[in-house]
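Asker: predicted model and sequence below, questions to follow.
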Amino acid sequence: MRAKSNKVTYQDKCFHSLGHLVSDLLLLEIILRGALYNWNEKNNKTNNPNHHSFPKNKSFLDYKIGQKVPLNAITNYDTLGFLIKQFNKQVATNDPAKCVDASIVDIRDAIAHGRKAKVGNTYMTLIKFTQHKNGPPKVHLRYKLSNAWLQRQIAKVSAQIVIALMQAGAS
């Protein structure tokens, strides 16, 4: 029986980076949802029929499984792409240069809906296909999941987190 090695492999680094990227994407989403919720609270809630406030001194974290929650930016099923669009609509009125980069939606969607496969002993590939509405699916996105690529995506998403945090607090 061989002794287990504590050596960190390239694949270990890639999986760690992929987890970091997913975590950052989730963080960005909740920042956007929180900002949109707060903007709806601040700016006459009656303008948005899909915004219902949480009761005073209660947050979404206080609810238990099966409990009904108010419909709002925190609880709805809006996609990351739609959230970014709504967020950027609010931000663009003050400073269009401070909008969140919507291209990160492709990265998020590829991770959520793509197929990951390892190519030999070298790197993983992430492929996302189109839906098969009018004919067979096509390859929509293809990423080589090298640690360097993952680190660039982490940096890109981290920069968007900073922008979102700064704009959420500014409006």
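Answerer: Received it, and whenever you're ready, just let me know what you need.
Asker: what comes up buried for the top helix by length along the chain?
Answerer: Of all segments of type helix in the chain, defined using DSSP state H, the longest is helix 10-42. Going by neighbour count (16 or more other CB atoms under 10 Å), the buried part of helix 10-42 is 14, 17-18, 20-21, 24-25, 27-29, 31-37, 39-40. Every residue, glycine included, has its C-beta placed from N, CA and C.
Asker: ok, stretch 103-111 next?
Answerer: Neighbour counts over stretch 103-111 (16+ other CB under 10 Å) mark 104, 105, 107, 108, 109, 110, 111 as buried.
Asker: dump those into JSON lines; add pLDDT and distance to residue 70 as well.
Answerer: Formatted as JSON lines, the buried residues of stretch 103-111 follow (pLDDT from 0 to 100; distance: CB to CB, whole Å):
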{"residue": "104", "pLDDT": "96", "distance to residue 70": "28"}
{"residue": "105", "pLDDT": "96", "distance to residue 70": "26"}
{"residue": "107", "pLDDT": "93", "distance to residue 70": "31"}
{"residue": "108", "pLDDT": "95", "distance to residue 70": "26"}
{"residue": "109", "pLDDT": "93", "distance to residue 70": "28"}
{"residue": "110", "pLDDT": "92", "distance to residue 70": "32"}
{"residue": "111", "pLDDT": "93", "distance to residue 70": "30"}
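Asker: do you know the pLDDT at residue 119?
Answerer: Reported pLDDT at residue 119 in the predicted model: 68.
Asker: now the helix or strand bottoming out on mean pLDDT in the chain and helix 10-42, what's the angle there?
Answerer: The helix or strand of the chain with the lowest confidence, counting by mean pLDDT, DSSP states H and E, is strand 115-119 at a mean of 81. In terms of direction (axes from the mean of the first three to the mean of the last three CA atoms, to 10 degrees), strand 115-119 departs from helix 10-42 by 160 degrees.
Asker: check contacts around the closest residue to residue 160 other than its chain neighbours.
Answerer: Leaving aside its sequence neighbours, residue 160 sits nearest to residue 100 (CB to CB, 6 or more residues apart in numbering; 5.0 Å). By CB atoms under 8 Å, 6 or more residues apart in numbering, residue 100 lies in contact with 28, 32, 84, 87, 88, 91, 160, 163, 164, 167.
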